[in-house]
Each structure stands twice: as structure tokens, then as C-alpha cells.
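J.: Return atomic coordinates for the entry below.
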Amino acid sequence: MQLTSPAFENDGQIPTRYTCDGEGIRPPLEISGTPPHTRSLALIVDDLDARDGDQNFLHWIAWNIHPHTTLIKENKPLPGAIEGKTSFGTYHWGAPCPPKGMHRYRFQLFALDKEIDLERDSTAEDLEEEMDGHVLAEAELVGTYRRDGESAWRKS
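T.: Modelled structure (predicted):
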């Protein structure tokens, strides 16, 4: 299974429009090679260089994505999917906004042999526990973003 984006290459810079310095919208993602017996997809996007307690800072979490999904459109809803709570305390994409320096944003996609039964307030840890033993395939895409100063979001 593969996860790519037409907006940036693996290990490449995420364009500004998808960050707090731009429009802050979710980038498009392309999915290919999903195993034939997949019942649902799950996606976790975290910052490998920032922590939220004992976990990586969570920018987006979604599960029960339709198994035949091949494109997650830029900033469009995911019909039927559940978007969980992020480290921002919201239930949607949280744009990259590192305080300073380069951060790596990991997009993890999981093909599952079942649908996930979790409350919307569930954490990435809860999702990972629920997925345990049900992952048919996984894929990863990493994007980077570098900032050297304050964003408009952080200014008063």
C-alpha cells in the first residue's frame, strides 16, 4: 500500500498554504495498493518533533475511512469517516505550526480488516489499541515544515 501527496514529496517540505503561515488547509493525499479484504482505513498525522504529554503532537486522526478511497481531497470532508480529537482540542486537521526550526510531520495510513468502534474523543493511543491485530497493511508519508519566527496564529 502507498500513501503519497500531489502537494509534496516524501521527506519534502509541506507547502506553506497547508500550514499556519498559509491557509492552514489539509493537503490532498493519494492512496494506492489497498489490500482486497480491507474493511476500513485509518489515518494518524503527528509531529515527530513535538510532544503532547507522553505522545507525539497529534495534528489529525481519522478512522472508518471508506476502504475504496484513493484520494483524500484537499480540505474536503471524508464521507462516513470519524475525525477524532487532536492535540489542538479540535476535530479536524490542525495545520503544522512549529514554534521554530524544522519539524517532521508523519502521515500514517492503516488498512484494517474491520471498522473501528470508538468515541470521537478517543486518542491516537486508543485507536492504535483498537487496531491491534487488525492491520492488513500500512503506509507512511513524511512532510517537513520549517519556521523561524512567530505566525499570525500566535500573535495577539
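J.: separation between residue 127 and residue 143?
T.: Using CB to CB, to the nearest Å, residue 127 is found at 21 Å from residue 143. Backbone N, C-alpha and C define where each C-beta goes, glycine included.
J.: typo on my end, residue 95
T.: On the measure of CB to CB, residue 95 and residue 143 end up 12 Å apart.
J.: How about residue 121, nearest residue that isn't a chain neighbour?
T.: residue 85 (5.3 Å; CB to CB, 6 or more residues apart in numbering).
J.: my read: the one you found touches residue 122, true?
T.: Yes. Applying CB atoms under 8 Å as the test, residue 85 and residue 122 come out as touching, 7.4 Å apart.
J.: before we move on, the earlier item: which of residue 127 and residue 143 has more neighbours?
T.: Neighbour totals were compared for residue 127 and residue 143, and residue 143 leads with 24 against 21 (other CB atoms under 10 Å).
J.: What is the three-state secondary structure of the more buried one?
T.: Under DSSP: H, G, I helix; E, B strand; the rest coil, the three-state class of residue 143 is strand.
J.: What residues does it make contact with?
T.: By CB atoms under 8 Å, 6 or more residues apart in numbering, the contact set of residue 143 is 5, 8, 10-14, 27, 96, 104-105, 107.
J.: Of the residues you listed, select the buried ones using a PyMOL command.
T.: Restricted to buried positions by 16 or more other CB atoms under 10 Å, the PyMOL selection for these reads:
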select buried, resi 5+8+14+27+96+104+105+107
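J.: OK, contacts around the most centrally placed residue in the chain?
T.: For the chain, residue 45 is the residue whose C-alpha lies nearest the centre (CA atoms, centre = their mean; 2.8 Å). Residue 45 makes contact with 58-61, 93, 105-108, according to CB under 8 Å, 6+ apart.
J.: Adding distance to residue 32, secondary structure and pLDDT, write these out as TSV.
T.: Listed next are the contacts of residue 45 as TSV, based on distance: CB to CB, whole Å; DSSP: H, G, I helix; E, B strand; the rest coil; pLDDT from 0 to 100:
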residue	distance to residue 32	secondary structure	pLDDT
58	25	strand	96
59	23	strand	96
60	20	strand	96
61	22	strand	96
93	22	coil	95
105	21	strand	98
106	19	strand	98
107	14	strand	98
108	16	strand	98
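J.: Reformat those residues into CSV and put distance to residue 134 next to each item.
T.: Converted to CSV, the contacts of residue 45 look like this (distance: CB to CB, whole Å):
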residue, distance to residue 134
58, 21
59, 23
60, 21
61, 16
93, 25
105, 25
106, 20
107, 20
108, 15
